[in-house]
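Undergrad: My questions are about this predicted structure, shown below with the sequence.
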Amino acid sequence: MADQPTASERFIQGILPENPVYRQLLGMCPTLAVTNGMKPAMTMVGATAFVLIMSNILVALIRGLLKPHLRILVFTLTIATFVTIADRFLGAYMYEMSKELGPYVPLIIVNCLIISRAEVCASKQSLGTAVADAAGMSLGFGLALASIATVREILGAGTWFGMAVLGSGWPAWGIMVLPPGAFLVLGLLLGGVNWFDDRRKRLAVTASE
Amino acid sequence: METLSSLIMIFIGAALINNFVLHYFVGICPFLGVSKRVDTAFGMGLAVIFVILIASTLSWLFTFFILRPMAPIPVWIWQVAGGNPETTVDLSVLSYIIYIFVIASSVQFVEMYVRKFQPALYESFGVFLPLITTNCAILFACLEIMKNLQDPTMLWGLHEALILALGGGIGFLIAITLMAGIRAELDLCDVPKSLKGAGIALIVAGIMAMAFMGFTGMDRGVEQALSALGSR
Amino acid sequence: MSETPETNETLPAGENQPADESLPAGGPPEKKSYIGQAWLVILLAFFFGSVLALVQTTLGPKIAENKRNETYSVIPTLVPGSDRDMTEEVVVEGHNGRQIRLYKAIATDGSHLGWVIPARGQGFADVIEVLIGQSVDLSRITGMYVLAQKETPGLGDYIRGDDFLQRYKDKSTDTPLVVVKADPRQENEILSLTGATISSEAVTNILNSALENLKGKLEAHNGSIAAPEK
């Protein structure tokens, strides 16, 4: 276990170097579906972060008792339970939002991000590391969703978090808040991140020479 | 005629207008990951149709008899146990857990069955079966069926649930096969380096989603054609 | 979904094995160890089950109330003069053989003012759900409200706006309503939204078929109730 990353490394890695959306291409379904505005996107991030952190905590606590061939079963059971709790909570206290998010809250169950964190980190490392890992990944997921939602909401409706940004003269690009806009924005942002990364690597190589 | 036309509406809605992949964004991961070659994409699509039909049947049965509000089995147990017959018995809080296990076990059984009894079929799509457990399209179909069963004004029958699942599965097959066809051609193109792989695939998907928006309103035309047929 | 979609095709079958519990019971060679292996799962299942039961008993009523509030809070605007707390729910079977839950709008003095009918149908993008306020004999629209829609933002989603919904108010429903693109002259014509004809037609069709479905079904339920004792 000596080569396992430490808690702070896990935390930092989750945010940018191993960003769940841009780097690992995990959890694409909510990334595309709920980013037509900042509000639904941030609610989704909150729900996902809750499930991710809680399931990482629980899995880290029982990691010593896990039988290898039953572990996926335990992970699924844990995730489905916390997703149900998150879903009921949204329904009780943020009814409008839960209606808008609709099936995408229960679909957190099949968000591979969560099960992959349980498998890669929480079932192998200590509680503290697992929490740091979950927090870092949630932040990374949040940043990714925020970037997409910002582009889509500002271009598509001229608003950000519902506040007018571009003024009433802006001809809202309806396509941005519709499904095609989600694919186009994510595709272009992904290209941008890759380009930036390549450039940084190239510069680092030239500098070291 | 009424039923037939509503079934056709559900089918067209799930397969084309509100395409699972391009409108609801479910099943994106295999859509991006397994769409490099047309034959593998087609195999994946077939496997999804196979599993989605089985999982939908099972989840319809579970929802209808156990998980919807006032479902017959828990109500019967409640009354046999001497509970107040006026109480609303509602086990829908367990839905998500049951669905995910229904999906996981049906995938497992389908894989075992196909491997043992249909080796030829297993060759063509068996390798994709384990990947399907985490395909959101299947869970999404179960959730749609749940939504339409829990609402007493809809109360979908098994035939409606199956048509939705079939439509969704075929919609997935169409989308992933088209995508694979386009990506095969893209190999010959000069794509900017940073967009290679997922980036260009997402942009192509965006253009496909725009094309699929052209199907909106199609259901109304079909409905009118059907009612004209029916009245003749 | 798998870690890196690029490698999906080469992933050997079984690498991603889901829930092993679905193996047949005869699977494990040693029967004794079966409980020994699964005790954690059983314990967790009980633990999660009780957590969920707790969540459901605390949050369940609140969710049900939210759902109810959504409809109840608009009833007084859909049938003017009615009182939210007097509303009665009536379940009838429509011509299509399905049960429909209707809201009987009642004034504070107990007189029956009209009906609120929930209806739904395919819109331009997704399903549209509306509430229709109707006079007692289902001959006149007293108000409309859109509960759920996912129409094109900036075009079709104006069906939610008062500007559009007012076009239905006080229309007679003896003949089915039709949507026209300009200059409504007949009593049963509704002016469509610019750039959103399909959404406008969808709302109108939902309304027409909901009323058609209920024709002649409500007479038995009409009638005022006794005024509440003060």
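TA: Done, it's in.

Undergrad: which SS state does residue B:109 fall under?
TA: helix (DSSP: H, G, I helix; E, B strand; the rest coil).

Undergrad: What is the burial count for it?
TA: 14 (other Cβ atoms under 10 Å in any protein chain shown). Every residue, glycine included, has its C-beta placed from N, CA and C.

Undergrad: quick one: secondary structure of residue C:190?
TA: Here residue C:190 takes the strand state, with states given by three-state DSSP.

Undergrad: Counting neighbours, what do you get for residue A:201?
TA: 10.

Undergrad: So which residues on chain B come close to chain A?
TA: B:22-29, B:32, B:93-94, B:96-97, B:100-101, B:104, B:134-136, B:139-140, B:143-144, B:147, B:192-195, B:198-203, B:205-207, B:209-210, B:213 (Cβ under 8 Å from any Cβ of the partner chain).

Undergrad: Report the buried members of the residues you listed.
TA: Buried members of the residues of chain B next to chain A, scored by 16 or more other Cβ atoms under 10 Å in any protein chain shown, are B:22-29, B:32, B:93-94, B:96-97, B:100-101, B:104, B:134-136, B:139-140, B:143-144, B:194-195, B:198-203, B:205-206, B:209-210, B:213.

Undergrad: top helix in chain B by residue count?
TA: Across chain B, the longest stretch assigned as helix under DSSP state H is helix B:158-186.

Undergrad: quick one: it to chain centroid distance?
TA: Centroid displacement of helix B:158-186 relative to its chain, using Cα atoms, centre = their mean, to the nearest Å, is 9 Å.

Undergrad: near chain C at all, it?
TA: No: on the criterion Cβ under 8 Å from any Cβ, helix B:158-186 is out of touch with chain C, staying 11.3 Å away.

Undergrad: Let's see which of the buried ones among the residues of chain B next to chain A end up in helices.
TA: Here DSSP H is the test, and these give B:28-29, B:32, B:96-97, B:100-101, B:104, B:136, B:139-140, B:143-144, B:198-203, B:205-206, B:209-210, B:213 as lying in helices.

Undergrad: For residue B:219, give its distance to chain C.
TA: Per Cβ to the nearest Cβ, to the nearest Å, residue B:219 is found 6 Å from chain C.

Undergrad: what secondary structure does that residue sit in?
TA: Classified using three-state DSSP, residue B:219 is helix.

Undergrad: mind checking the SS state of residue C:143?
TA: At residue C:143 the chain is in strand, as set by three-state DSSP.

Undergrad: could you say which helix or strand contains the residue nearest the centre of chain A?
TA: Closest to where the C-alpha atoms of chain A average out (Cα atoms, centre = their mean) is residue A:141, at 2.7 Å. Using DSSP states H and E, residue A:141 sits within helix A:127-157.

Undergrad: Which strands and helices lie in contact with the helix or strand following that helix?
TA: Reading on from helix A:127-157 to the C-terminus, the next helix or strand found by DSSP H and E is strand A:159-160. If you count contacts as 3 or more Cβ pairs under 8 Å, 6 or more residues apart in numbering or on different chains; DSSP states H and E, strand A:159-160 packs onto helix A:127-157.

Undergrad: For the helix it packs on, what is the distance to the chain centroid?
TA: When C-alpha coordinates are averaged (Cα atoms, centre = their mean), helix A:127-157 and its chain have centres 5 Å apart.

Undergrad: Would you mark the buried spots in that helix?
TA: A:127, A:129-145, A:147-157.

Undergrad: residues of stretch C:78-88 that come out buried?
TA: Buried, per 16+ other Cβ under 10 Å, within stretch C:78-88: C:78, C:79, C:82, C:83, C:84, C:86, C:87.

Undergrad: swap in stretch B:33-46?
TA: For stretch B:33-46, burial by neighbour count (16+ other Cβ under 10 Å) applies to B:33, B:34, B:35, B:36, B:38, B:40, B:41, B:42, B:43, B:44, B:45, B:46.

Undergrad: On the three-state scheme, the third one is what?
TA: Under three-state DSSP, residue B:35 falls in the coil class.

Undergrad: I'd guessed it sits against residue B:186; true?
TA: No: counting by Cβ atoms under 8 Å, residue B:35 stays clear of residue B:186, with 10.5 Å between them.

Undergrad: Spell out which residues of chain A are next to chain B.
TA: Checking chain A against chain B by Cβ under 8 Å from any Cβ, the hits are A:25, A:28-29, A:32-33, A:76-77, A:80-81, A:83-84, A:87-88, A:103, A:106-107, A:109-110, A:112, A:115, A:175, A:178-184, A:186-188, A:190-192, A:194-195, A:198.

Undergrad: Give me the distance between the residue nearest to residue A:143 when sequence neighbours are not counted and residue C:79.
TA: Nearest residue to residue A:143 in three dimensions, chain neighbours excluded: residue A:15, at 6.8 Å (Cβ to Cβ, 6 or more residues apart in numbering or on different chains). Distance of residue A:15 to residue C:79, given as Cβ to Cβ, to the nearest Å: 54 Å.

Undergrad: Ok, residue C:196 next?
TA: Here the criterion is Cβ to Cβ. By it, residue C:196 lies 27 Å from residue C:79.

Undergrad: what about chain C, any weak spots by pLDDT?
TA: C:1-33, C:225-230 (pLDDT under 70).

Undergrad: ranges for the helices of chain C?
TA: For chain C, applying DSSP H gives helices covering C:32-72, C:75-78, C:162-165, C:197-214.

Undergrad: Can I get those helices in JSON lines including distance to chain B?
TA: Listed next are those as JSON lines, based on distance: least, Cβ to the nearest Cβ, whole Å:
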{"stretch": "helix C:32-72", "distance to chain B": "4"}
{"stretch": "helix C:75-78", "distance to chain B": "17"}
{"stretch": "helix C:162-165", "distance to chain B": "18"}
{"stretch": "helix C:197-214", "distance to chain B": "5"}
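
Undergrad: do you know which of those lies nearest residue C:149?
TA: Nearest to residue C:149, of all the helices of chain C, is helix C:197-214, at 8.0 Å by Cβ to Cβ.

Undergrad: Using PDB, list the CA coordinates for that closest one.
TA: Only the C-alpha atoms of helix C:197-214 are listed here, as PDB (Å, rounded to 0.1, in the frame of the first residue of the first chain):
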ATOM      1  CA  THR C 197     -47.600  26.400 -33.400                       C
ATOM      2  CA  ILE C 198     -47.000  22.800 -32.500                       C
ATOM      3  CA  SER C 199     -46.800  23.600 -28.800                       C
ATOM      4  CA  SER C 200     -50.000  25.600 -29.000                       C
ATOM      5  CA  GLU C 201     -51.700  22.800 -30.900                       C
ATOM      6  CA  ALA C 202     -50.500  20.300 -28.400                       C
ATOM      7  CA  VAL C 203     -52.100  22.200 -25.500                       C
ATOM      8  CA  THR C 204     -55.300  22.600 -27.400                       C
ATOM      9  CA  ASN C 205     -55.400  18.900 -28.300                       C
ATOM     10  CA  ILE C 206     -54.700  17.900 -24.700                       C
ATOM     11  CA  LEU C 207     -57.600  20.000 -23.700                       C
ATOM     12  CA  ASN C 208     -60.000  18.800 -26.400                       C
ATOM     13  CA  SER C 209     -59.300  15.100 -25.700                       C
ATOM     14  CA  ALA C 210     -59.500  15.500 -21.900                       C
ATOM     15  CA  LEU C 211     -62.900  17.100 -22.200                       C
ATOM     16  CA  GLU C 212     -64.100  14.500 -24.800                       C
ATOM     17  CA  ASN C 213     -63.000  11.800 -22.500                       C
ATOM     18  CA  LEU C 214     -65.100  13.100 -19.700                       C
END
